[in-house]
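A.B. asks: Fold the following.
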Amino acid sequence: MTEIILARHGETEWNVHEVFRGRIDVELNQTGIKQAELLAEHLSHLKLDAVYSSPLKRALKTAEIIARYHKLEVEIAPALIDCDFGQWQGLRLQEVKDRYKELYAEWGNSPQLVRIPEGESLNDVRERALGVVNEAAAKHKGTIVLVAHRVVNKVLICALLGLDNSHFWNIRQDNCGTTTFTYEDKRFVLTEHNNTSYLKPAQKVRLGDF
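C.D. replies: Numbering: from 1, shown residues only. Take a look at the predicted model:
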């Protein structure tokens with residue numbers, strides 16, 4: 001049996017100010033670093049076989065803090081990189097709502113149908129990220145951690161539950177939250193979702209789903 005822990009990276013200033021991040025390489029803020037340390041401490045009692053990460057700094061720093069407890073090198077998985085938000089990257093949420101009214105409305109109502117201008121669709125994200133999960137599940141028989149991003153993890157959770165991308169908004173995962181699946185007999189089983197109980201010492205105000 002393989003245990004797969006999907007972790008979201010720690011907080012950044014762009015999470016706080018609701019700026020679309022995508023492929024822009026934003027650093028963790030001080031709260032995000034503290035969150036990553038608390039997550040790492042929470043996972044320190046486990047025996048981890050591997051830690052995989054998106055190549056972006058906010059995920060990689062989170063993964064490195066986790067891996068340090070286990071004397072592991074982080075395995076960078078390019079396919080776990082954040083969704084390419086194209087023309088939306090670097091814009092505040094309200095700017096996107098104002099400039100792309102119809103498309104943003106569709107993003108809220110039917111996200112599975114949207115391709116961000118000069119960017120990706122949720123299906124693009126799903127296809128590349130699911131490949132990492134399947135390969136890692138086949139390779140390891142213990143516990144592994146994959147550190148990625150909000151969109152990536154939400155899409156992966158849908159996929160592993162057998163849901164299509166229309167359910168994107170039915171899933172939430174907070175910064176440094178973890179969602180855990182077991183994989184056995186070719187079946188992924190959800191055992192825990194969006195655990196953030198260990199983050200209380202770093203918690204200020206709970207951010208929105210962004």
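A.B. asks: Let me know the helix or strand that Arg126 is in.
C.D. replies: Assigned by DSSP states H and E, Arg126 belongs to helix 122-139.
A.B. asks: quick one, what contacts the nearest residue to His193 once chain neighbours are set aside?
C.D. replies: Closest residue to His193 apart from its sequence neighbours, by CB to CB, 6 or more residues apart in numbering: Thr179 at 4.9 Å. C-beta here means a position set from N, CA and C on the backbone, and glycine is covered the same way. Contacts were defined as CB atoms under 8 Å, 6 or more residues apart in numbering; by that measure Thr179 touches Ile5, Leu6, Asn153, Ile157, Gln173, Leu190, Glu192, His193, Asn194, Asn195.
A.B. asks: same thing but 10 Å
C.D. replies: 4-8, 146, 153-154, 156-157, 160, 171-173, 190-195 (CB atoms under 10 Å, 6 or more residues apart in numbering).
A.B. asks: just checking, what packs against the strand of greatest length in the chain?
C.D. replies: Taking DSSP state E as the criterion, the chain has its longest strand at strand 187-195. On a contact count with 3 or more CB pairs under 10 Å, 6 or more residues apart in numbering; DSSP states H and E, strand 187-195 meets strand 2-8, helix 122-139, helix 150-160, strand 178-184.
A.B. asks: any idea how far the residue nearest to His193 lies from Lys97?
C.D. replies: Going from Thr179 to Lys97 by CB to CB, to the nearest Å gives 28 Å.
A.B. asks: do the same with Asn153
C.D. replies: 24 Å.
A.B. asks: So these two - more neighbours on which side?
C.D. replies: Per other CB atoms under 10 Å, whichever of Asn153 and Lys97 has more neighbours is Asn153, with 24 against 15.
A.B. asks: from what I can see the more buried one touches Ile171, true?
C.D. replies: Yes: contact criterion CB atoms under 10 Å: Asn153 and Ile171 qualify, at 8.2 Å.
A.B. asks: Which neighbours do these two have in common?
C.D. replies: Common neighbours of Asn153 and Ile171 (CB under 10 Å, 6+ apart) are Thr179, Asn194.
A.B. asks: what sits against Leu48?
C.D. replies: Per CB under 10 Å, 6+ apart, neighbours of Leu48: 3, 5, 66-67, 69-72, 140, 142-145.
A.B. asks: ok, back up a step: and whichever helix or strand comes after the helix holding Arg126 with helix 150-160, angle?
C.D. replies: Next helix or strand after helix 122-139 toward the C-terminus (DSSP H and E): strand 143-148. Per axes from the mean of the first three to the mean of the last three CA atoms, to 10 degrees, the angle that strand 143-148 makes with helix 150-160 is 130 degrees.
A.B. asks: Can you list the buried residues in stretch 20-30?
C.D. replies: Phe20, Arg21, Gly22, Val26, Leu28, Asn29 (16 or more other CB atoms under 10 Å).
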